[in-house]
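J.: have a look; sequence and predicted model below, questions after that.
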Amino acid sequence: MAGQLILVNGASSAGKTTLCRALRDALPAPFLHFSLDFFMFDADVLPRTLEGKIKDWPTLRPNVFEGFNRCLPALLDAGNNLVVDYIIETPQMWAQFTEFLRGYDVFLVGVHCPVEELERREQARGDRRGGDARRDAATVHTFTAYDLELDCQTPLEQNVARVVEAWQARQ
Ligand SMILES: Nc1ncnc2c1ncn2[C@@H]1O[C@H](COP(=O)(O)OP(=O)(O)OP(=O)(O)O)[C@@H](O)[C@H]1O
């Protein structure tokens, strides 16, 4: 049987990764955390210049994003449950995502965060490009409705409990 997907959408620095990792360990069934961050930041996958910039990113980007989207049904078909963090950036990106995920059990979570808090976190962490969070915040919640909406400033344990409860209630 195909696995189930919990998708967490929100601006950069909203706390998606933090939430997804906590959910992965709190959900009552085994879930894997899967993220574009693995390609972009965490693993040394992308070709880089000596200065550390991604080489030819405008060409690579659509292929990397589509490849990531295609990984999701493959992982689900193998029976893996997934909690995935995502930043929806364009209607085209969301259309491709929904096309690949049609027919799967997808639970959508939106993490809302005031721009001031996003920028505070972005600056404090120092490993994201300044301005990305503000740019995302302007559009990230305009592409879809959600099964559950969270406030990034609610304590993590409460947000985790809300997702677990809502996800279970929907079974
Ligand atoms: N509930 C929280 N309260 C305060 N700070 C938080 C909270 N959750 C996460 N943070 C901090 O905010 C920063 C961004 O968190 P995180 O990496 O989880 O965000 P993200 O939405 O996955 O970001 P990105 O999309 O850029 O990868 C980190 O420094 C993290 O420690």
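T.: All right, it came through fine.

J.: in the chain, which helix is the longest?
T.: helix 57-77 (DSSP state H).

J.: tell me which helix or strand comes right after it.
T.: Per DSSP states H and E, helix 57-77 leads on to strand 82-86 as the next helix or strand towards the C-terminus.

J.: quick one: contacts of that next one?
T.: 3-10, 16-17, 19-20, 23-24, 27, 31-37, 72, 75-76, 97 (CB atoms under 8 Å, 6 or more residues apart in numbering). In this view, the C-beta of every residue, glycine as well, is placed from N, C-alpha and C.

J.: same question, stretch 23-33
T.: So stretch 23-33 is contacted by 4, 6, 8, 17, 20-21, 75, 80-85, 160-161, 163-164, 167-168 (CB under 8 Å, 6+ apart).

J.: and for stretch 157-166?
T.: 6, 19, 22-23, 26-28, 107, 109, 111, 147-148, 150-151, 154.

J.: in it, what's buried?
T.: Asn159, Val160, Arg162, Val163, Val164 (16 or more other CB atoms under 10 Å).

J.: tell me the phi and psi of the residue lying farthest from the centre of the chain?
T.: Relative to the C-alpha centroid of the chain, counting by CA atoms, centre = their mean, Leu50 is the outermost residue, at 28.8 Å. Backbone geometry at Leu50, expressed as degrees, to the nearest 10, gives phi -60, psi -30.

J.: for it, give me the pLDDT.
T.: The model reports Leu50 with a pLDDT of 93.

J.: what's the answer for the one 10 residues further on, then?
T.: At Leu60 the predicted local distance difference test score is 95.

J.: just for the chain, where's the confidence low?
T.: Residue ranges of the chain with pLDDT under 70: 171.

J.: can you show me the strands along it?
T.: Ranges of strands in the chain, per DSSP state E, are 4-9, 32-35, 82-86, 105-112, 148-151.

J.: how about these, which one is nearest the ligand?
T.: When the strands of the chain are ranked by proximity to the ligand, the top entry is strand 82-86, at 5.4 Å, counting by CB to the nearest ligand atom.

J.: first to last residue in stretch 1-17, what's the distance?
T.: Criterion CA to CA, to the nearest Å; first-to-last residue distance in stretch 1-17 is 27 Å.

J.: next, report how far that stretch is displaced from the centre of its chain.
T.: With CA atoms, centre = their mean, to the nearest Å as the basis, stretch 1-17 stands 4 Å off its chain's centre.
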